[in-house]
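> Sequence and computational prediction follow.
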Amino acid sequence: MSDAVLTTPAPAVDPAEAAALLREHFGLAGEVTALAGERDRNFRLRTADGRAFVLKMAHPAEPAAVTNLQTAALIHIAARDRALPVPRVVPGLDGAVERVLPFADGRAMVVRLITYLDGEPLHSSTASPAQALALGRVLGRLDRALGDFAHGAAERDLLWDATRVTRMRRLLAYLPGEEERDLVARLIDRFEVEAAPVLDGLRRQLIHNDLNPHNVVVDPADHARIAGIIDFGDALAAPLVADLGTALAYQVEGGDDPLARVRPFVAGFAAECPLTAAEIAVLPHLILARMMLTVCVTHWRAGLAPDNRDYILRNNPGAWRGLRALAARPPAALAGDLRRALRD
């Protein structure tokens, strides 16, 4: 991903324009509402008969092949595991699943439509070991469904790639204080020595790469039932276990037992997608790597886009708590804890 995707805004589009596109290209009408997003323009449509959709307009700086990667992955998942709670791709009146359209400032964006998944956002739900177990199972099923997926744009250079966390050294200056900079610098150095050399020998495939609490919805009546996994915008080819590490970065708690939700999540994932010994050994490093990405990238971007600061920094406090909690324990000890959880 070029920095332009994160540092320059997409063309302004208002709900009336989105509604016109929906009528013209999809034959749909209803209430249109703008949705928050890191880089794209997104709108929710609710029709009079109760259906809901998301109209997605990809940032002009994002290559069309990368947008198509997301579309193709969703179509593939539907074919491999129809029961997985992920959005479905909706073709237009002409049967096309993507179209390139010009906008007012002269730039063009790839436009597509997917189903909207209703539910309670994970970040506002009641967390529990049962919820973590269920979410781990769903992510394991998702990665299993993507195991045989191939696409020319899957090997992409993405800032949000935990396996390349050493690149965050250039963003250390944006962290808020000397203690924070020293902590992240030390953990990056350790990752480079202990984790980076083994990554090339691990299983590799397309992964979701962004299972944060804003990309999961649960059943409002049962927070342990996963109702949806959304936003495949950061999907890329990487070691399979990096998907798990990224997701677990948002399950780490403060307090006496930071792994209380991590253990059932790993058990759920492994029940659907068994892990190798090498993957378990590197997993603590990848959890920490995602947290380091979160604090470095968000502090950098918040300074560039102050109007979107609250959205950009939404996962930042949890990442700092998790970094401090896990940094106090050696990665080998954390991996041993997870291995014991899988045996129990």
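Received the coordinates, thanks.
> What are the boundaries of the helices in the stretch 101-250 of the chain?
Per DSSP state H, counting those that start in this stretch, the stretch 101-250 of the chain carries helices over the ranges 129-145, 178-194, 240-248.
> Not counting its own residues, what contacts stretch 13-32?
Stretch 13-32 has contacts (CB atoms under 8 Å, 6 or more residues apart in numbering) with 33-34, 41, 43-48, 53, 55, 57, 90, 92-94, 99, 101, 103, 111, 113. Just so you know, the C-beta spots here come from the backbone N, C-alpha and C atoms, and that holds for glycine as well.
> Can you tell me which of those are buried?
Neighbour-count burial within these applies to Arg41, Phe43, Arg44, Leu45, Phe53, Leu55, Met57, Val90, Gly92, Phe103, Val111, Leu113; the criterion is 16 or more other CB atoms under 10 Å.
> Which ones among those lie within strands?
Arg41, Phe43, Arg44, Leu45, Phe53, Leu55, Met57, Val90, Val111, Leu113 (DSSP state E).
> Would you quantify the distance from the first one to Ile230?
What that stands for is Arg41. 16 Å (CB to CB, to the nearest Å).
> Same question for the fifth one.
Spatial separation of Phe53 from Ile230 under the definition CB to CB is 13 Å.
> Contacts only, for Ala4.
Counted by CB under 8 Å, 6+ apart, Ala4 has contacts Ala61.
> Next SSE downstream of the helix or strand hosting it?
Using DSSP states H and E, Ala4 falls within helix 3-7. Using DSSP H and E, the helix or strand that follows helix 3-7 in sequence is helix 15-26.
> Next, the angle helix 15-26 makes with the helix or strand following that next one.
Moving toward the C-terminus from helix 15-26, the next helix or strand (DSSP H and E) is strand 31-35. Inter-element angle recorded for strand 31-35 and helix 15-26: 110 degrees (by axes from the mean of the first three to the mean of the last three CA atoms, to 10 degrees).
> Which residue, neighbours along the chain excluded, lies closest to Arg167?
Nearest residue to Arg167, sequence neighbours excluded (CB to CB, 6 or more residues apart in numbering): Leu159, at 7.7 Å.
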